[in-house]
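In: Got a sequence here, can you build the structure:
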Amino acid sequence: MMVPAVADDITQKLGKGAYAVVFKAIDKKTKETVALKKIFDAFQNATDAQRTFREIMYLQALATPKQHPNIIRLRNFLKAENDKDIVRNSGTPPQPTAPPLSS
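Out: Numbers count the residues shown, from 1 in each chain. Next up, the predicted model:
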């Protein structure tokens with residue numbers, strides 16, 4: 001697996017799911033801790049492309065000047081060098097401020 005080629009220093013792999021891997025990184029300019037999410041084959045088929053697009057649109061819609069502390073802020077996204085993957089660069093992962101709601 002190739003590590004994303006972005007302007008960040010990747011410090012560790014945080015996890016891997018069915019369609020993406022998440023890395024912890026340090027932004028070289030701001031020295032801020034960020035999360036990088038590499039989505040595999042984001043455009044392989046219509047379903048994957050739609051899922052990726054929807055995730056990006058939701059994160060953009062949730063971005064507000066007064067960001068909720070439990071929602072990660074989308075900083076940037078780019079198409080990977082292989083023309084198949086997307087790398088999503090997000091701000092500091094949220095720290096839970098309250099216990100999860102029970103159903």
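
In: Any idea how many residues pack against A80?
Out: Using other C-beta atoms under 10 Å, A80 has 17 other residues around it. Just so you know, the C-beta spots here come from the backbone N, C-alpha and C atoms, and that holds for glycine as well.

In: scratch that, K37 is what I was asking about
Out: Neighbours of K37 (other C-beta under 10 Å): 22.

In: can you tell me which residues contact M57?
Out: The contact partners of M57, by C-beta atoms under 8 Å, 6 or more residues apart in numbering, come to none.

In: Confirm it sits in a strand?
Out: No: counting by DSSP: H, G, I helix; E, B strand; the rest coil, M57 is located in no strand; its state is helix.

In: Report pLDDT for it.
Out: At M57, the pLDDT value in this model is 88.

In: And for M2?
Out: At M2, pLDDT is 47.

In: So, low pLDDT: which residues of this protein?
Out: The chain contains residues with pLDDT under 70 at 1-8, 83-89, 91-103.

In: can we see that at 80?
Out: 1-9, 63-72, 77-103 (pLDDT under 80).

In: Just to be sure, E81 is in a helix?
Out: No: going by three-state DSSP, the assignment for E81 is coil, not a helix.

In: ok, it - how many residues close by?
Out: Neighbours around E81, by other C-beta under 10 Å: 11.

In: What of Y58?
Out: If we define neighbours as other C-beta under 10 Å, then Y58 has 12 of them.

In: distance of it from T64?
Out: Separation of Y58 from T64 (C-beta to C-beta, to the nearest Å): 13 Å.

In: and what of F43?
Out: 29 Å.

In: who's more crowded, the two?
Out: Comparing F43 with T64 by other C-beta under 10 Å, the one with more neighbours is F43, at 15 against 9.
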